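In: Predicted model and sequence below, questions to follow.
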Amino acid sequence: MEMTGKQDAPTAVAVVDPEGLVSGWSEGGRLLLGWTAKDTIGRPVTDLLVDPPPPGFPKGYGVGPDPTGSIPLRHRDGSTVDAVVTAHPLLGPDGRALGHVVTIQRWGRRPVVADRAFEQSPFALGVYDPDLRFLWINASSARVIAHSEEQVLGKKYREVLPEFDRTLFPERDDKPYTDALAQVARTGEPTRLITVFRPRGSDYANAWATSIWPVRDAEGRVRAIANWGFDMSAEYWARQRLLLLNEASGGIGRTLDVIGTAQELAMTPVPGFVDLVTVDLFDEVLRGEEPPSASAFTPGETIVLSRAAQHSAKGDTNSAPGPTTPVSHTPGSVAARCMATGRSTVQLAAGPGQGGEWAFGPGLAADPAHWPPGNPLIDESLAAEGMTGRITVPLRARGALLGVVAFSRLDRPEAFTADDLILAEELTAKAAVAIDNARRYSRERTTALTLQRTLLPQGLPNQEAVEVASRYLPGGTGTEVGGDWFDVIPLSGARVALVVGDVVGHGLHASASMGRLRTAVRTLADVDLPPDELLTHLDDLVLHLASDLQPAGHFQPAGESGATCLYTVYDPVSRRFTLASAGHPLPLIISPDGTRTPVTAQPGPPLGIGGLPFEATELELPEGSLLALYTDGLVESRERDVDQRITELQRALNPSATSLEALCDTVMDAMLPDRRTDDAALLLARTHALARHHVADWDVEPDHAQVPVARKFAVDQVDAWGLEEAAFVTELVVSELVTNAIRYGEPPIRLRLIRDTSLICEVSDASNTAPHMRRARAFDEGGRGLLLVAQLTEGWGTRHTTNGKTIWCAQPLPQPERH
């Protein structure tokens, strides 16, 4: 019996006469191939075949041990139908062959129960011919494409489903699916893929997992392409949320900057999750201060924040208000309520044509029953703002409220789901900790930087030996303040000490250590120690400081609390430059003609190692030499080695520059990138030589009779300099100092007068015994000399040399002049 019902897979029956012409055609033939009896009767049966017929066709075709082979037949609409063809002889009463009865069934036909199983499958099933024409789809597939089987059979895929407008829905394109179908038809290799597209009549982009494979005939030729797919939207979007959280973990908090971290939070979820993100923070958070406590808010008070970041998928981020622009949140606003209650709020615009109720997305995770209490709110005012939904989340970290974040959807039609709220809260929580860390870092950095700037010289002292200029720049944002420092210390005899150093470590500890070292260097410089001896004493001090800071029973490796230091002394009278280094880069010396003066000194160990010597090196410099003392932050670079950077620094040092201040700026701009990772200090000095007529010296014989002669020498010289007002004091101090040298010292004795910013008197002898002041009794004949010198001058002291000692004193000049 012929089966003609659609659900029962129609079978065509044709009668073929001995001449091979069709003499009978069943209704099943029309249903299966589209041809009517009028179309086929009288035509050769071979016209139904796509390929040339086998020899003797149809005699005996399909009868044998393997009747399941397929043969391609022509459908009336031009498509190909793979069918199983069986021919049986048609005999007359006399046994003579009157022709053949040919039965035609769609190839691959299964029992009715199997057909119904595939038809009722919850997965989308479909079969296409090699030209991607629909051969069969089940009910699930029909629902996905919103077309019935009758509407699509025999039609190409793109005739039924044109491509989406990818300018509107770039992530919802099914072109990868059709490309995969064509690839399988071309290569015969199966494939799998995940496509994201918006089904017809839906506002949601669904994710489908699809498997595609070729269907071959007995000869191995590809006759069709089959596929099956299922909706994996819940799993897909859950994975996308995890990917976004993973991206946030690496993308939020990369810098210790409050504004930068807020911008990272605003940019991360756009456009994969939302279209617009705004981050509003309290001004105290931006300044690195403690955020206001809950008790600081008055009920009904408008909360004023600053817009720290705003990012839009439309690319209009630059039009967002800056960090100094206030943003007010009125008491009844959603943002104000979220900050007051500490709970997030989801607002959804009313769905069109749904009576004010939104159609929630697919999947259990989006079911309204999974929303926390009070969410979502249907807010018709969102449409006026051009939004379809908004999630507002209070920004909280470590129990403190820092601000509020708003995640908004503009053009996309999907409503937020309960899982979207969880994602927004997770993103905000990660950013809140990073912002609070940046705030705390900003506070500590500001404190350390303030401390360091306070400990560094606020103004370089007035002296005649060198012209000086300096710069100090802390590391860039996101780096801690280091321990770089420099100093200019006037010494006796018109000399000056130039010092630069760097403490190991960063932060408040480094700044405090730097302050202690700078104070120690100034104290040791007042004793007028040579550079190598000064560094030896400084090394002992660093060791003591490290042991004081070390907890009981804790071993701290050597050098962990160390420092480097370069201590130099320049004498404008002799033009001698003496230096010693404790692990610090040596200075650059540029002669007035532009050539580099080599410094052959060997740096000693860093301070804090202990037990190793320091060596002093002495050079004679031409007048007008340019000295550059710097810390390693000025020459360190990830791209080039230190020697290359020092060469670049030398090129930037122009000895003919008229202003050292301008030269400092030029060097810092040339050497330091925008993003610095370490502090950098630079001290420039141009040497001067004291004119010979500003120095007078005289050898004194060790005889008390020479004291009046020395007094006269001094008075005459002071008068020659036009400093008659200083003659009386000069005469007294010269008398006392020369008398002490003759009485207590050893020859040779030498008197020297220096006219600098002050009038300096020096008496040198070969004894190493240092004098000291004492209180003389009423009837003592001596003991008042140094007390008198101290009272008559602005300063006095002793400095030891390799050949003895020098006692000096200085008295101010009425009107200092530069010569």
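Out: Yep, it's here. Residues are numbered from 1 along each chain as shown.
In: where does residue 289 land in three-state SS?
Out: Per DSSP: H, G, I helix; E, B strand; the rest coil, the local secondary structure of residue 289 is coil.
In: in what helix or strand does the nearest residue to it once chain neighbours are set aside lie?
Out: Closest residue to residue 289 apart from its sequence neighbours, by Cβ to Cβ, 6 or more residues apart in numbering: residue 443 at 6.7 Å. (Glycine included, C-beta is placed from N, CA and C.) In this assignment (DSSP states H and E), residue 443 forms part of helix 418-455.
In: Ok, residue 278 next?
Out: strand 276-281.
In: got the CA coordinates for that strand in CSV?
Out: Extracted as CSV, the C-alpha positions of strand 276-281 are listed here (Å, rounded to 0.1, in the frame of the first residue of the first chain):
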residue,chain,number,x,y,z
LEU,A,276,27.9,53.1,29.6
VAL,A,277,29.7,53.0,33.0
THR,A,278,30.1,56.0,35.4
VAL,A,279,32.2,56.0,38.6
ASP,A,280,31.5,58.7,41.2
LEU,A,281,33.9,59.1,44.2
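In: quick check, residue 14 in a helix?
Out: No - counting by three-state DSSP, residue 14 is located in no helix; its state is strand.
In: pretty sure it is touching residue 21, no?
Out: No - between residue 14 and residue 21 there is no contact under Cβ atoms under 8 Å: 10.4 Å.
In: How is the residue nearest to the spatial centre of the chain assigned, secondary-structure-wise?
Out: Central residue of the chain (Cα atoms, centre = their mean): residue 254, 4.4 Å from the mean position. Using three-state DSSP, the structure places residue 254 in coil.
In: Just give the nearest non-adjacent residue to it, would you?
Out: What sits nearest to residue 254 in space, not counting adjacent residues and going by Cβ to Cβ, 6+ apart, is residue 264, at 6.7 Å.
In: Just list what whichever helix or strand the one you found is part of packs against, helices and strands only.
Out: Following DSSP H and E, one finds residue 264 within helix 258-267. Other helices and strands packing on helix 258-267, by 3 or more Cβ pairs under 8 Å, 6 or more residues apart in numbering; DSSP states H and E, are helix 233-251, strand 276-281, helix 283-286, strand 303-312, helix 418-455.
In: so which of the ones you listed is the most packed in?
Out: Of the helices and strands packed on helix 258-267, the one with the most neighbours on average (mean count of other Cβ atoms under 10 Å) is strand 276-281, at a mean of 25.
In: mean confidence score for it?
Out: Averaging pLDDT along strand 276-281 gives 94.
In: Run me through the strand neighbours of the strand holding residue 278, direction for each.
Out: The pairing partners recorded for strand 276-281 under DSSP bridges are strand 303-312 (antiparallel), strand 400-409 (antiparallel).
In: residues of the helix or strand harbouring residue 697 that come out buried?
Out: Element membership for residue 697, per DSSP H and E: strand 695-700. Using 16 or more other Cβ atoms under 10 Å as the test for burial, strand 695-700 gives 695-696, 698, 700.
In: per-residue confidence averaged over it?
Out: In this model, strand 695-700 has a mean pLDDT of 90.
In: does the closest residue to residue 754 other than its chain neighbours count as helix, strand or coil?
Out: Closest residue in space to residue 754, ignoring its immediate chain neighbours: residue 760 at 4.1 Å, by Cβ to Cβ, 6+ apart. Secondary structure, three-state DSSP: residue 760 is strand.
In: ok, which stretches of the stretch 501-650 of the chain are strands?
Out: When secondary structure is read from DSSP state E, counting those that start in this stretch, the stretch 501-650 of the chain shows strands at 563-571, 576-582, 588-590, 596-597, 617-620, 626-630.
In: Serialize the ones you listed to JSON lines and add fields for mean neighbour count and distance to residue 191.
Out: Below are the strands of the stretch 501-650 of the chain laid out as JSON lines (neighbours: other Cβ atoms under 10 Å; distance: least, Cβ to Cβ, whole Å):
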{"stretch": "strand 563-571", "mean neighbour count": "26", "distance to residue 191": "64"}
{"stretch": "strand 576-582", "mean neighbour count": "23", "distance to residue 191": "69"}
{"stretch": "strand 588-590", "mean neighbour count": "20", "distance to residue 191": "67"}
{"stretch": "strand 596-597", "mean neighbour count": "16", "distance to residue 191": "69"}
{"stretch": "strand 617-620", "mean neighbour count": "15", "distance to residue 191": "76"}
{"stretch": "strand 626-630", "mean neighbour count": "24", "distance to residue 191": "63"}
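In: and of those strands, who's closest to residue 721?
Out: Closest approach to residue 721 among the strands of the stretch 501-650 of the chain (Cβ to Cβ): strand 563-571, 20.3 Å.
In: any idea how far residue 768 lies from residue 737?
Out: Residue 768 is 17 Å from residue 737, where distance means Cβ to Cβ, to the nearest Å.
In: Please say which of those two ends up with more neighbours.
Out: Between residue 768 and residue 737, residue 737 has the larger neighbour count (other Cβ atoms under 10 Å), namely 29 against 12.
In: ok but that one is inside a helix, no?
Out: Yes - applying three-state DSSP, one finds residue 737 inside a helix.
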